[in-house]
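Peer 1: The following comprises the amino acid sequence and a computationally predicted model.
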Amino acid sequence: MRVSPSTSADADVLRTYCESVARYQYAARMLEQSGPLVRGQRGELVKNPLHQVVRDNAVLLRAFARELGLTPSARTGLRGNGQEE
């Protein structure tokens, strides 16, 4: 597999990956501050909705990381400069 030069589409994917990292980190900090349980509308303890936000962004991060070749398994098939690793 030959690695092609960067394109504007590559930049869009990288930008979206970076935005996902920022959202994940922000939500993870908020979850850490507020705790795993919060009070629901009727005052009962419920699972913090931030769990889902953190999880959704973690899934996005893994998908973008694979797409960008940022995981060990994604890098196994990459070659650069026309040479095999």
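Peer 2: Yep, that arrived.
Peer 1: Pick out the residue closest to the middle of the chain.
Peer 2: residue 61 (1.5 Å; Cα atoms, centre = their mean).
Peer 1: What's the local residue count around the closest residue to residue 36 other than its chain neighbours?
Peer 2: Spatial nearest neighbour of residue 36, excluding adjacent residues (Cβ to Cβ, 6 or more residues apart in numbering): residue 48 at 5.7 Å. (Each C-beta comes from the backbone N, C-alpha and C, glycine too.) For residue 48, the count of nearby residues is 16 (other Cβ atoms under 10 Å).
Peer 1: related to what we said a few turns ago, chain neighbours aside, what residue packs nearest to the residue nearest to the centre of the chain?
Peer 2: Excluding its sequence neighbours, the residue lying closest to residue 61 (Cβ to Cβ, 6+ apart) is residue 20, at 5.3 Å.
Peer 1: which residues touch the one you found?
Peer 2: Contact partners of residue 20, counting by Cβ atoms under 8 Å, 6 or more residues apart in numbering, are 57, 60, 61, 64.
Peer 1: All set, thanks.
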